[in-house]
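*Asks:* no sequence for this one, just the structure:
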Ligand code: UT7
């Protein structure tokens with residue numbers, strides 16, 4: 001029998017401080033109206049001083065483990081663009097803090113596609129018999145990368161974490177992930193980037209210019225790629241699964257911009273009402289965005305067991321990826 005990765009628990013964690021559009025717009029020659037109408041964002045959460053990505057990852061991981069009714073797994077993967085430190089990875093720290101010293105743990109680096117890449121990696125570990133249970137966390141303190149003076153990025157991103165527990169199971173049972181579609185195009189590396197801090201800049205022998213340590217994005221071009229790649233990848237995965245677009249009950253796309261989500265839904269022929277969206281409350285949380293959206297929709301009772309879910313993401317790299325599953329009957333008492 002093929003061993004599938006079956007979703008058996010979900011959880012999330014947000015820092016306590018919500019930052020409304022008004023608070024950011026004031027210093028940026030922007031406005032609540034511009035931010036809401038161009039992105040769908042109403043507020044985002046920023047981590048407090050003294051917090052790190054691992055703190056949010058541990059919070060989401062604890063809740064996902066509780067939701068799955070387990071206290072340990074065989075591997076912990078953390079998808080993040082904002083590790084606690086450049087070295088070591090954040091996942092071993094998270095595993096140890098979750099009481100799993102000795103457990104395999106590593107980071108997945110694919111920016112906003114990181115969580116979908118993490119799911120595929122976990123599914124591979126399970127299929128190969130390397131692990132029976134894997135905790136996959138998407139966690140970000142993206143606020144640490146933002147140039148507070150760059151209105152084209154400072155108003156978009158937020159902090160948070162989401163997580164799922166996957167266990168080995170039957171490909172035909174509810175919650176089984178797959179098929180997958182993953183892709184990348186490194187020719188677009190400059191479209192979403194933190195130019196300084198890596199070997200490219202350090203070996204240039206040139207000190208970074210002001211601003212090069214911050215995140216930078218070519219918004220308009222990225223918008224176009226995001227729609228094209230998420231819709232294309234979603235189509236590939238639907239064909240592999242033998243599903244039609246109208247079979248999809250819930251489209252969970254990376255929460256980059258509400259207008260991007262709507263374009264992807266329109267392109268695929270999925271009614272906009274079937275899009276799971278929490279960008280109004282949390283903004284773009286990069287690798288955390290899909291598991292955060294899943295957990296919030298689950299907690300609010302929006303996902304009925306057996307509902308057919310299409311997950312699709314796009315991000316820096318450029319990278320993209322998609323998968324499908326039917327929503328499992330998770331025990332609400334463990335939420
Ligand atoms: O998560 C990884 C993937 N990320 C994404 O997919 C994000 C993709 N990009 C976007 O979501 C959008 O491109 C943005 C939200 C970043 C920008 O929206 P846009 O509608 O593409 O605006 P634009 O960049 O074309 O700018 C239009 C105008 C410009 O002014 P001018 O040149 O027309 O005078 C900008 O300077 O809007 C201006 N602008 C702003 N105005 C007020 C840009 N940001 C702001 C702002 N407030 N925050």
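*Replies:* Cool, the structure landed. The model shown is predicted, which means the values in this text are computed figures rather than measured ones. Residues are numbered from 1 along each chain as shown.

*Asks:* Doesn't residue 333 lie inside a strand?
*Replies:* No: using DSSP: H, G, I helix; E, B strand; the rest coil, the secondary structure at residue 333 is helix, not a strand.

*Asks:* What's the local residue count around it?
*Replies:* The tally of other residues near residue 333 (other C-beta atoms under 10 Å) stands at 7. Quick note: C-beta positions are derived from backbone N, CA and C, even for glycine.

*Asks:* What distance do you get for it to residue 67?
*Replies:* Taking C-beta to C-beta, to the nearest Å as the measure, residue 333 falls 10 Å from residue 67.

*Asks:* interface residues of the stretch 151-300 of the chain facing the ligand?
*Replies:* Within the stretch 151-300 of the chain, the positions adjacent to the ligand are 151-152, 155-156, 192, 219-220, 222-223, 226, 256-257, 260, 284, 286 by C-beta under 6 Å from any ligand atom.

*Asks:* Now name the helix or strand holding residue 86.
*Replies:* Using DSSP states H and E, residue 86 sits in no helix or strand.

*Asks:* does the nearest residue to residue 137 once chain neighbours are set aside sit in a helix, a strand or a coil?
*Replies:* Leaving out its chain neighbours, the residue that sits closest to residue 137 by C-beta to C-beta, 6 or more residues apart in numbering is residue 163, at 4.2 Å. What three-state DSSP gives for residue 163 is strand.

*Asks:* Which pLDDT value does the model give residue 163?
*Replies:* Residue 163 is assigned a pLDDT of 98 by the prediction.

*Asks:* At which residues are the helices of this protein located?
*Replies:* Assigned helices in the chain, in chain order: 21-25, 32-39, 53-68, 91-97, 114-127, 151-154, 199-202, 219-241, 258-268, 279-282, 289-299 (criterion: DSSP state H).

*Asks:* For residue 84, give me its contacts.
*Replies:* Contacts here follow C-beta atoms under 8 Å, 6 or more residues apart in numbering; on that basis residue 84 touches 52, 53, 54, 90, 93.

*Asks:* Tally up the residues packed near residue 25, please.
*Replies:* Neighbours of residue 25 under the rule other C-beta under 10 Å: 19.

*Asks:* Contacts only, for it.
*Replies:* Residues in contact with residue 25 (C-beta under 8 Å, 6+ apart) are 31, 32, 34, 35, 155.

*Asks:* try it again with 10 Å
*Replies:* Counting by C-beta atoms under 10 Å, 6 or more residues apart in numbering, residue 25 touches 31, 32, 33, 34, 35, 36, 151, 154, 155.

*Asks:* Could I get the residues you listed in CSV, plus columns for neighbour count?
*Replies:* Formatted as CSV, the contacts of residue 25 follow (neighbours: other C-beta atoms under 10 Å):
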residue, neighbour count
31, 14
32, 17
33, 10
34, 15
35, 24
36, 17
151, 17
154, 19
155, 26
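
*Asks:* and of these, the nearest to residue 307?
*Replies:* residue 36 (28.6 Å; C-beta to C-beta).

*Asks:* Now do the closest residue to that closest one other than its chain neighbours, the pLDDT please.
*Replies:* Sequence neighbours aside, residue 42 is the residue nearest to residue 36 in space, at 6.0 Å (criterion: C-beta to C-beta, 6+ apart). In this model, residue 42 is scored at 98, pLDDT.

*Asks:* Distance of residue 42 relative to residue 164?
*Replies:* As judged by C-beta to C-beta, residue 42 and residue 164 stand 26 Å apart.

*Asks:* Could you do residue 58 as well?
*Replies:* Distance from residue 58 to residue 164, by C-beta to C-beta: 15 Å.

*Asks:* Over to residue 258?
*Replies:* Taken as C-beta to C-beta, the span from residue 258 to residue 164 is 24 Å.

*Asks:* can you check residue 37 too?
*Replies:* Distance from residue 37 to residue 164, counting by C-beta to C-beta: 33 Å.

*Asks:* Just give the number of residues close to residue 211.
*Replies:* Residues near residue 211, counting by other C-beta under 10 Å, number 12.

*Asks:* what residues are up against whichever residue of the stretch 151-300 of the chain sits closest to the ligand?
*Replies:* Closest contact between the stretch 151-300 of the chain and the ligand, by C-beta to the nearest ligand atom, is at residue 219 (3.0 Å). Contact analysis of residue 219 by C-beta under 10 Å, 6+ apart lists 38, 39, 152, 153, 156, 191, 192, 257.

*Asks:* same thing with residue 120?
*Replies:* Residue 120 makes contact with 5, 108, 110, 113, 136, 177-182, 321-323, according to C-beta under 10 Å, 6+ apart.

*Asks:* Now which of the residues of the stretch 151-300 of the chain next to the ligand would you call buried?
*Replies:* Buried members of these, counted by 16 or more other C-beta atoms under 10 Å: 151, 155-156, 192, 219, 222-223, 226, 256-257, 260, 284, 286.

*Asks:* Tell me which two in the residues you listed are the farthest apart.
*Replies:* Pairwise distances across those (C-beta to C-beta) peak at 19.4 Å, for the pair 151 and 226.
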